[in-house]
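Colleague: for reference, the sequence and a predicted model appear below.
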Amino acid sequence: MIGRLHGKLLHKEPPSLLVDVGGVGYELEAPLSTFYDLPQAGENITLYTHLVVRDDAHLLYGFSRDRQRRLFRSLLKVNGVGPRVALAILSGLSDEELLRCLAQEDIARLTRVPGIGRKTAERLIIELRDKVEPISAADAVRPVAVPPDPVQEAISALIALGYRPQEANRAVSSVSQDGLRSEDIIRQALKGLAGAHT
C-alpha cells in the first residue's frame, strides 16, 4: 500500500491533485481541509495517503496530516460511508467540528454536510463517538499560500462537495471576497449554506 508521497505539486483543483514523485505523476483526491494546507503549484509537498482498491480502479486519497487520514479511515468503517462521503465530511467539517458533533451527538450539524442523511449521521455518532482520539497540538492547521483564483477555486470546491452550481455561485457571491483566500471564502460560504438549511 502507498502510505506517503513526497514530491512536487503539479496541479490542484478540488477535489483532485497531481503530484510528481520522481518523474511519476500521482493522481489523488483530497478533502478541502487538505487543500487549505497546500502551497502553490510547483512547490514540494508531503501527503499521507490511503489507497482504495476496487474492481474497476485503484483510487488514491491524500491528506496533509496523518490525523486527517486516521479520521478518513475511521469514517470508512462506518456502514454506508464510502470514500466520497468521507471526503465530503472532512471537507464540510473541521477535525474539531467533527469530533464535537460526535461527542455532542449533533445530528443536525452532521446532516448539513451534502450526502449525509439522518440515518447516516446517527450511525456516525454510534460507531465513532468512542473510537476517535482528541486532536493534538501537532495536528494544528498550518498557514497556506494564496491561490491564483480564489473565487473560482471556492466555487469548484463547493460543487465538488455536492452543491449545485447555482447554489455554489450564490453562496460565494454572498461573501465579501476582497483580499480573501479561497479557503476563507469557502468557510464563509459553507457557513451561509449551513445557516440557510437550519
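Modeller: Looks like it arrived, so ask away.

Colleague: helix, strand or coil for His50?
Modeller: strand (DSSP: H, G, I helix; E, B strand; the rest coil).

Colleague: and it, how far is that from Glu96?
Modeller: His50 sits 21 Å away from Glu96 when distances are taken as Cβ to Cβ, to the nearest Å. Heads up, the C-betas are built off the backbone N, CA and C, glycines and all.

Colleague: which helix is the longest one in the protein?
Modeller: helix 182-196 (DSSP state H).

Colleague: other residues contacting it?
Modeller: With contact meaning Cβ atoms under 8 Å, 6 or more residues apart in numbering, helix 182-196 is reached by 32, 35-36, 92, 109, 112, 144, 147, 149-151, 153-154, 157-158, 163, 167-168, 171-172, 174-175, 177, 180.

Colleague: the same query, at a cut-off of 6 Å, please.
Modeller: With contact meaning Cβ atoms under 6 Å, 6 or more residues apart in numbering, helix 182-196 is reached by 36, 112, 147, 150, 153-154, 157, 171-172, 174-175, 177.

Colleague: among those, name the ones in strands.
Modeller: Counting by DSSP state E, no part of those is found in strands.

Colleague: rebuild the residues you listed as TSV, extending it with neighbour count and pLDDT.
Modeller: Formatted as TSV, those follow (neighbours: other Cβ atoms under 10 Å; pLDDT from 0 to 100):
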residue	neighbour count	pLDDT
Tyr36	20	84
Arg112	19	87
Pro147	19	40
Pro150	19	75
Glu153	22	77
Ala154	30	80
Ala157	25	80
Ala171	22	85
Val172	23	83
Ser174	13	84
Val175	19	82
Gln177	17	67
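
Colleague: let's see which of those end up in helices.
Modeller: 150, 153-154, 157, 171-172.

Colleague: and those residues, which is closest to Gly22?
Modeller: Taking Cβ to Cβ as the measure, Glu153 is the one of the ones in helices among the contacts of helix 182-196 closest to Gly22, at 27.7 Å.

Colleague: regarding Leu10, what is its secondary structure?
Modeller: Taking three-state DSSP, the label given to Leu10 is strand.

Colleague: excluding its backbone neighbours, what's nearest Gly162?
Modeller: Pro114 (3.1 Å; Cβ to Cβ, 6 or more residues apart in numbering).

Colleague: pLDDT value on the one you found, please?
Modeller: On the pLDDT scale, Pro114 is placed at 83.

Colleague: picking up where we left off before, more crowded one of His50 and Glu96?
Modeller: Shown here are His50 and Glu96; by other Cβ atoms under 10 Å, His50 has more neighbours (21 against 12).
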